[in-house]
Structure formats: C-alpha cells, structure tokens
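**Student:** Predicted model and sequence follow; I will ask about them next.
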Amino acid sequence: MVPNIHSALPVTGTKPRTSWPRKALLILGFLFALAAIALVAMAVSQNKPLPKNIKVL
C-alpha cells in the first residue's frame, strides 16, 4: 500500500488565497497615493497667474 503523503501536510485552507489580495490592495493603495500626490503637485505647479498683458475674457 502506498502511503498518502498529502495527509502529513498541514491543512492551510484559504490562507494563501487571502495573502495575495491583501498585498495587491496594499500595492494599489500605494500607487493611488503616489498618483494623488503627483496630481496635486502638478496642479500646484501649473496654477500660476496669467501675465498682465493677456486679457482674460
């Protein structure tokens, strides 16, 4: 009779399944924060007053 090698392994259940979405959400959150900071920096740097000789309609 061949011994069942899978019976000796601990049953992890859904532990590997819950680890990668948490890492993915962490990475996406970090990228979202970087994008938000980049957009705010772009808006602040581009928000300069127009020169005096340009008439605003």
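**Tutor:** Perfect, I can see it now. Just so you know, these numbers come straight off a predicted model, no measurement behind them. Residues are numbered from 1 along each chain as shown.
**Student:** For the rest of this, base every contact and every neighbour count on C-alpha atoms.
**Tutor:** Fine.
**Student:** Name the SS class of Pro49, please.
**Tutor:** Under DSSP: H, G, I helix; E, B strand; the rest coil, the three-state class of Pro49 is coil.
**Student:** That one: how many residues sit nearby?
**Tutor:** Pro49 has 6 neighbours, counted by other Cα atoms under 10 Å.
**Student:** Could you check the pLDDT of it?
**Tutor:** Note on Pro49: pLDDT of 72.
**Student:** helix, strand or coil for Ala35?
**Tutor:** Per three-state DSSP, Ala35 ends up helix.
**Student:** Any figure for the gap between it and Ser19?
**Tutor:** From Ala35 across to Ser19, the span is 25 Å (Cα to Cα, to the nearest Å).
**Student:** again, but for Asn47
**Tutor:** 42 Å.
**Student:** Count the residues that sit near Ser19.
**Tutor:** The local packing of Ser19 (other Cα under 10 Å) involves 10 other residues.
**Student:** May I ask which helix or strand encompasses it?
**Tutor:** Under the criterion of DSSP states H and E, Ser19 resides in helix 15-46.
**Student:** average pLDDT for that helix?
**Tutor:** Summarised as a single mean, pLDDT over helix 15-46 is 87.
**Student:** In terms of secondary structure, what does that helix contact?
**Tutor:** Here helix 15-46 touches no other helix or strand, going by 3 or more Cα pairs under 8 Å, 6 or more residues apart in numbering; DSSP states H and E.
**Student:** residues in contact with Ile37?
**Tutor:** Ile37 makes no contacts at all, as judged by Cα atoms under 8 Å, 6 or more residues apart in numbering.
**Student:** State the distance from it to Gly29.
**Tutor:** Applying Cα to Cα to Ile37 and Gly29 gives a distance of 12 Å.
**Student:** what's the answer for Ala38, then?
**Tutor:** Distance, Ala38 to Gly29, using Cα to Cα: 14 Å.
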